[in-house]
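**Q** Build me a model from this:
(one chain, ligands or ions: 1)
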Amino acid sequence: MTGFTRRGIGALLAACLMLVPGLALADAIQQTKGDWQDKFRQLDVDLPTPNSYRTASGAPGHQYWQQQADYRINLTLDATAKRLTADQSVRYTNNSPDTLRYLWLQLDQNIYRQDSIAELTRTTSKDQLSYSNLARAQVMKDIPYGMEIQQVTDERGNPLPYTVVDTMMRIDLPQPLASGASTGFKISWAHNIINQNRVGGRSGYEHFEETNTDLFFIAQFFPRMAAYTDYAGWQHKAFLGRGEFTLEFGDYDVAITVPANHIVSASGELQNPGDVLTSVQRDRLAKARTAKTPVFIVTPEEALANEKQAAQGTRTWRFRARNVRDFAFASSAKFIWDAMGFRQNDREQPEVLAMSFYPNEAEPLWSKYSTRSVIHTMETYSKFSFPYPYPTAQSVNTWESGGMEYPMITFNGYRPNIDKKTGRRTYSAQAKYGLIGVIIHEIGHIYFPMVVNSDERQWSWMDEGLNTFLQNVAHLEWEEGFGGHTRNPNLPSAITAYMVGDGQVPIMTQSDSIVQFGPNAYTKPATALTILRETVMGRDLFDHAFREYARRWKFKRPTPADFFRTMEDASGVDLDWFWRGWFYTTDHVDIDLAGVREYRVGTGNPETEQKFAREQALRDQREPLAQIHNREQGLKTAVERDPTLRDFYNENDKFAVTNKDRNKYKEMIEKLEPWERAALERAEKDGDWVYFLDFVNKGGLVMPLPLQLTFADGGTELVMIPAEIWRFDAKQVSKMLIRPKQIVAVDLDPRQEIADADPSNNSFPRRISASRLELYKESRDQKDLMADMLVELKGEKAEEGDKGDVPATPSPAVPLAPAGGR
Ligand SMILES: [Zn+2]
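**A** Numbers count the residues shown, from 1 in each chain. All right, here's what the predicted structure looks like:
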């Protein structure tokens, strides 16, 4: 605060009110020299310097540019050989101010080569081998994976020199590509499709043993233009598996030739329904556009019949996708297909067709929830960003759990349990909520990063964190307590176990170097944004700023600085302390409400104050126990036995009011300025209670202090103290509160909204923590070899591989025999 005049301060000191009880206030706590940290230091010193491409406000600058890459691909899926072959032409437009002598492309399939950086740098933490790792090594030994580049030519068929560098390929141009010019080239390529169950990764094929059928879900499969940007030049960091990708926007025209009984789902819109769909299917599709519930285009019965029949020849499905950053598809004879139109208030895209594709193994879960979840995502996300900008939104069941996103198409997991003997189908709460959640997540990714095109190879949190935040918003707009069967739906209290743990890196860490990927890239940033929205900024300011970020960077390429700056620029809230703490450090939140002291304002009047002091002394200084025992034993003191020993001091204790006291009080009152006297009289009349609350920052993160005051009359009050209270001392602060009623308890973070890791130090007075002690019975079991032999022989349970976008769970280990065994 400014504006205190010298006279003002002087007057304040001279007339400083006495506080009762007159305990000395602790001196203002000084931070230890050498240990000082300014948690509110502005972030601009660390962010990239604004320029004409990206402004200091976080918006695209007046010279913002990005490249364009348009593709035509003729693709053939050999479902028997599990192989893709293609002819592809690319038109690349150089909108940058620079002249380019070569172009870089991503060959993500090369990650599955045995000599890839990703493969050679896989590490282990223990001497153990899981069944999935063993089976993976066997598949990798048997089948050569990776991109086979057959030919690279210019548009007239002249060969172009190219160099493959791990998962990247450089094409050297015969003529430098000037700013504003475009060039075209062609690539013929092929590759074996990975067995996703065994190899892992985000795409491939799934084989269904029992029916001997396959489901293909194909992504990151063709040579894609690497991003060329104003902030990083070529983004050609090798694909190591985590940092997904960042690509250029463009238009796609893709012809996919597949076995005739396959149904194909792909990025974009189907261009030739007359060639590949029956008239019945086309009629159903037309009805689905205006239907109130999902309509089957291919029914479960039809899909079952379809997967049993042998394919006769092939069919070519043609898809067009405009202004997308990638292309993916799924193809199978197993697909049930349902669809439902979604209408939105948008002139450019008034109607979106939500569709789901899934095998019979996914029923009855999928027909009930998939397409409805797709629509729910668009309803929720559009409120926080922009209307869904594409004609289709698709959810394909490609695996048992997990998910992955591409423009207009998503691959999603979770299936019911099928009892092999009875055929009875049930599903767990985790499968139900997991499915709805993963579909929301993956469809949500069509907004972030498929449209708000952040650099996933560099910053996982920019798409996963923002998206997981909105996913959780959508969860709670689907159903209260969403997913409570298997997880804590309150992000701030769910994240604390991670945030106090070891082995963390800051959120601002390059994707492939992140330790504990799930909580780091997904949950922690999602929690941070939730806290910003619900606690720090409030919904009005947060929602406005977040929408502004989405609007500014729709179909453009934001960096972390653009997000940080826009959130402040549009809300008017200084959040540098928040970005600094949550995104650049591994600190956690643990604020200790270390003490609360209660005072009344002293009047200075000896008649009332001495009486109070006497009562206080009786409370603070107890009678000697020996004196009590004396009395109990009936001992009479000398004075009691002989009253003549009494005098003045037996009648007046040290709190007796004297005339000297009364004169002093009168003098004090007379010296007060009129306004000071008025304040004193007012305080006497109001009888307010004054409290000093001490807070100690044990976790490191500075946060606002949400407080609940409970009064003697049973009433409560919520108080929110902004995080700026920590700006002079980030370790320890005291706060004064004046209330007309007596406070009996203070609770810090009573609604669990600031991710405070240790609630046991959040209450004053401290609470006894209540819990239940489970009694246990000591086991007296002994190994009974005879009985163990008689136990029925059971089948082995299948295990899960690494599944795309959602972090996978560890699988069981194969017992290892020492080398050279026994
Ligand atoms: Zn994701």
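
**Q** tell me which element the residue positioned nearest the centre of the chain is part of?
**A** Nearest residue to the geometric centre of the chain (C-alpha atoms, centre = their mean): A526, 2.7 Å. Assigned by DSSP states H and E, A526 falls within helix 524-531.

**Q** Now the element after that helix, going C-ward?
**A** Heading C-terminal from helix 524-531, the first helix or strand you meet, by DSSP H and E, is helix 539-553.

**Q** hmm, who's touching the helix holding A526?
**A** 461, 464-466, 468-469, 471-472, 491-492, 494-495, 498-499, 507, 546, 578, 582-583, 703, 753-755 (C-beta atoms under 8 Å, 6 or more residues apart in numbering). Where C-beta positions appear, they are placed from N, C-alpha and C, glycine not excepted.

**Q** and these, which are buried?
**A** The neighbour-count test (16 or more other C-beta atoms under 10 Å) applied to these identifies 461, 464-466, 468-469, 471-472, 491-492, 494-495, 498-499, 507, 546, 578, 582-583, 703, 753-755 as buried.

**Q** out of those residues, which touch the ion?
**A** Residues of these in contact with the ion (C-beta under 5 Å from the ion): E464.

**Q** now, which of the buried ones among the contacts of helix 524-531 lie within helices?
**A** Residues of those located in helices (DSSP state H): 461, 464-466, 468-469, 471-472, 491-492, 494, 498-499, 546, 578, 582-583.

**Q** what comes up buried for the helix or strand harbouring A679?
**A** Using DSSP H and E, the element containing A679 is helix 674-686. When neighbours are counted by 16+ other C-beta under 10 Å, the buried residues of helix 674-686 are found to be E676, L680, A683, E684.

**Q** Now render these as CSV, adding pLDDT and distance to the ion.
**A** Formatted as CSV, these follow (pLDDT from 0 to 100; distance: C-beta to the ion, whole Å):
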residue, pLDDT, distance to the ion
E676, 92, 63
L680, 89, 63
A683, 85, 58
E684, 85, 63
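
**Q** Show me which of the residues you listed is closest to K664.
**A** Nearest to K664 among the buried residues of helix 674-686 is L680, at 15.0 Å by C-beta to C-beta.

**Q** ok now do that closest one, which residues does it touch?
**A** Going by C-beta under 8 Å, 6+ apart, L680 touches L17, V601, T603, G604, I669, L672.

**Q** The fifth one should be in a strand, yeah?
**A** No - counting by DSSP: H, G, I helix; E, B strand; the rest coil, I669 falls outside a strand, being helix.

**Q** Need the pLDDT of the closest residue to it other than its chain neighbours.
**A** Leaving aside its sequence neighbours, I669 sits nearest to R677 (C-beta to C-beta, 6 or more residues apart in numbering; 6.5 Å). On pLDDT, R677 comes in at 92.

**Q** Relative to the ion, how far out is R677?
**A** 66 Å (C-beta to the ion, to the nearest Å).

**Q** so how far is K671 from that residue?
**A** Separation of R677 from K671 (C-beta to C-beta, to the nearest Å): 9 Å.

**Q** next one: Y427
**A** 81 Å.

**Q** Of those two, which one has the most company?
**A** Comparing Y427 with K671 by other C-beta atoms under 10 Å, the one with more neighbours is Y427, at 19 against 11.

**Q** from memory that one sits against P416, does it?
**A** Yes - assessed by C-beta atoms under 8 Å, Y427 is found in contact with P416 at 3.9 Å.

**Q** Neighbours of the nearest residue to P259 once chain neighbours are set aside, how many?
**A** Among residues not flanking P259 along the chain, A311 sits closest, at 3.6 Å (C-beta to C-beta, 6+ apart). For A311, the neighbour count with other C-beta under 10 Å is 15.

**Q** Spell out which helix or strand contains A311, please.
**A** Using DSSP H and E, no helix or strand contains A311.

**Q** Spell out which residues sit in contact with it, please.
**A** Contacts for A311 (C-beta under 8 Å, 6+ apart) come out as A79, P259, A260, N261, H262, A333.

**Q** what's the first-to-last distance across stretch 497-507?
**A** End-to-end distance of stretch 497-507 (C-alpha to C-alpha, to the nearest Å): 16 Å.

**Q** residues making contact with that stretch?
**A** Applying C-beta under 8 Å, 6+ apart, the external contacts of stretch 497-507 come out as 461, 465, 513-516, 519-521, 523-525, 528, 582-586, 588-590, 699, 755, 757.

**Q** Can you tell me which of the contacts of L680 end up in strands?
**A** V601 (DSSP state E).

**Q** and the closest residue to the ion within the stretch 101-250 of the chain, what are its phi and psi?
**A** Going by C-beta to the ion, the ion is nearest to E244 of the stretch 101-250 of the chain, at 8.6 Å. Per-residue torsions, E244: phi -70, psi -80 (degrees, to the nearest 10).

**Q** what's the spacing between it and E456?
**A** Between E244 and E456 the distance is 4 Å, computed by C-beta to C-beta.

**Q** how deep is L134 tucked in, by neighbour count?
**A** 12.

**Q** quick one: buried residues of stretch 559-575?
**A** So for stretch 559-575, counting by 16+ other C-beta under 10 Å, buried means 559-571, 573, 575.

**Q** Hmm, I typed the wrong one, I wanted stretch 259-273.
**A** Within stretch 259-273, the residues that qualify as buried by neighbour count (16+ other C-beta under 10 Å) are P259, N261, H262, I263, V264, S265, A266, S267, G268, E269, L270, P273.

**Q** Tell me the one among those residues nearest to the ion.
**A** Taking C-beta to the ion as the measure, the ion sits nearest to S267 out of these, at 17.0 Å.

**Q** Please tell me how far L529 sits from the ion.
**A** In this view, L529 and the ion are 15 Å apart by C-beta to the ion.

**Q** ok, now M499?
**A** In terms of C-beta to the ion, M499 sits 21 Å off from the ion.

**Q** so what's that residue scoring on pLDDT?
**A** pLDDT, read off for M499, is 95.

**Q** Would you check how far apart it and P560 are?
**A** From M499 across to P560, the span is 20 Å (C-beta to C-beta).

**Q** neighbours around the residue nearest to G699 when sequence neighbours are not counted, how many?
**A** Closest residue to G699 apart from its sequence neighbours, by C-beta to C-beta, 6+ apart: D590 at 3.4 Å. Counted by other C-beta under 10 Å, the residues lying close to D590 total 22.

**Q** ditto for D543
**A** Count around D543 with other C-beta under 10 Å applied: 16.

**Q** swap in the one 5 residues further on?
**A** One way to gauge burial is a neighbour count; for E548, by other C-beta under 10 Å, it gives 18.

**Q** Chain neighbours aside, what residue packs nearest to it?
**A** Using C-beta to C-beta, 6+ apart and skipping the chain neighbours, the partner closest in space to E548 is A570 (4.1 Å).

**Q** and if you look at I418?
**A** Nearest non-adjacent residue to I418, counting by C-beta to C-beta, 6+ apart: R425, 5.3 Å away.

**Q** same question, L160
**A** V152 (4.8 Å).

**Q** State the pLDDT value of Q30.
**A** Model confidence at Q30 (pLDDT) stands at 48.

**Q** Also R198?
**A** The confidence metric pLDDT takes the value 88 at R198.

**Q** How about the secondary structure of the residue nearest to P765 when sequence neighbours are not counted?
**A** Nearest residue to P765 in three dimensions, chain neighbours excluded: A745, at 6.6 Å (C-beta to C-beta, 6+ apart). A745 falls in the strand class when you classify it by three-state DSSP.

**Q** I'd like the distance between A745 and the ion.
**A** 42 Å.

**Q** Tell me which residue in the stretch 351-500 of the chain sits closest to the ion.
**A** Taking C-beta to the ion, the stretch 351-500 of the chain has E464 as its residue nearest the ion, at 4.7 Å.

**Q** and A288, what is it in contact with?
**A** Contacts of A288 (C-beta under 8 Å, 6+ apart): P294, V295, I297, D338, A339, M340, G341, L353.
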